[in-house]
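A predicted structure for the sequence below; I have some questions about it.
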Amino acid sequence: ADAGARRMGLPESDIRDLRWAAYSHDIGELAIPVSIWMRAGALTERETDAARLHPYHGERALASLGGKGEAVAALVLRHHERLDGTGYHRYARASDLSPAARILAAAEAFQTAREARPYRPALTDARAAAKLRTTVREGKLCPDAVEAVLACAGQPARLPREADGLQRR
């Protein structure tokens, strides 16, 4: 997340907040029963609702620190949001997602895909990158944020379709 933010040219204050949000983004999982996180099968509707509240719990914990914790908390609240409003828990859309929030969502999605879960094996870096690029094509993740994160993770860079409003030809 930090390297992706630097690659995208974010201000140093945003990079600092993003770094701390990346370190603490799942702190809200502590408010959710462990049995939900360890379940190998599909979650019930109630379990899904509880799990999807972890960004809220994380935001509340960090916002209580005040000061600089509030900016970090705002990013933690949005780490599962998607550009098209299909994320959670607030169902925010692109207009409510800062560049830092978009980078955090991309970095979190890439790292999560590379980790084994009780309900699925870990993906290779290349498969995780392909999964993120599919999510970009679906309009869920920011293409610039995804490519910045993937480039910093050592994945082959994709050429932008258009640069400064010009087509490649």
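That came through, no problem.

tell me which residues touch the residue positioned nearest the centre of the chain, please.
With distances taken as C-alpha atoms, centre = their mean, the chain has A105 as the residue nearest its mean C-alpha position (1.5 Å). Applying C-beta atoms under 8 Å, 6 or more residues apart in numbering to A105 gives the contacts 78-82, 87, 97, 141-142, 145. (Glycine included, C-beta is placed from N, CA and C.)

output the longest helix belonging to this protein.
For the chain, the longest helix by residue count, based on DSSP state H, is helix 99-113.

dump that helix to PDB, keeping only the CA atoms.
Extracted in PDB, the C-alpha atoms of helix 99-113 (Å, rounded to 0.1, in the frame of the first residue of the first chain):
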ATOM      1  CA  PRO A  99      -7.000   7.700  -3.800                       C
ATOM      2  CA  ALA A 100      -5.600   6.300  -0.600                       C
ATOM      3  CA  ALA A 101      -8.800   4.300   0.100                       C
ATOM      4  CA  ARG A 102      -8.600   2.900  -3.400                       C
ATOM      5  CA  ILE A 103      -5.000   1.800  -2.900                       C
ATOM      6  CA  LEU A 104      -5.800   0.200   0.400                       C
ATOM      7  CA  ALA A 105      -8.700  -1.700  -1.100                       C
ATOM      8  CA  ALA A 106      -6.400  -3.000  -3.900                       C
ATOM      9  CA  ALA A 107      -3.600  -3.900  -1.600                       C
ATOM     10  CA  GLU A 108      -5.900  -5.700   0.800                       C
ATOM     11  CA  ALA A 109      -7.600  -7.600  -2.000                       C
ATOM     12  CA  PHE A 110      -4.200  -8.700  -3.500                       C
ATOM     13  CA  GLN A 111      -2.800  -9.800  -0.100                       C
ATOM     14  CA  THR A 112      -6.000 -11.600   0.900                       C
ATOM     15  CA  ALA A 113      -6.100 -13.600  -2.300                       C
END
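
list of residues touching the helix or strand following it?
Using DSSP states H and E, the helix or strand that follows helix 99-113 in sequence is helix 125-137. Where contact means C-beta under 8 Å, 6+ apart, the residues beyond helix 125-137 that reach it are 82, 106, 109-110, 113-114, 123, 141-143, 146, 149-150, 153-155, 158.

what residues sit buried inside stretch 130-137?
Within stretch 130-137, the residues that count as buried by 16 or more other C-beta atoms under 10 Å are 132-133, 135-136.
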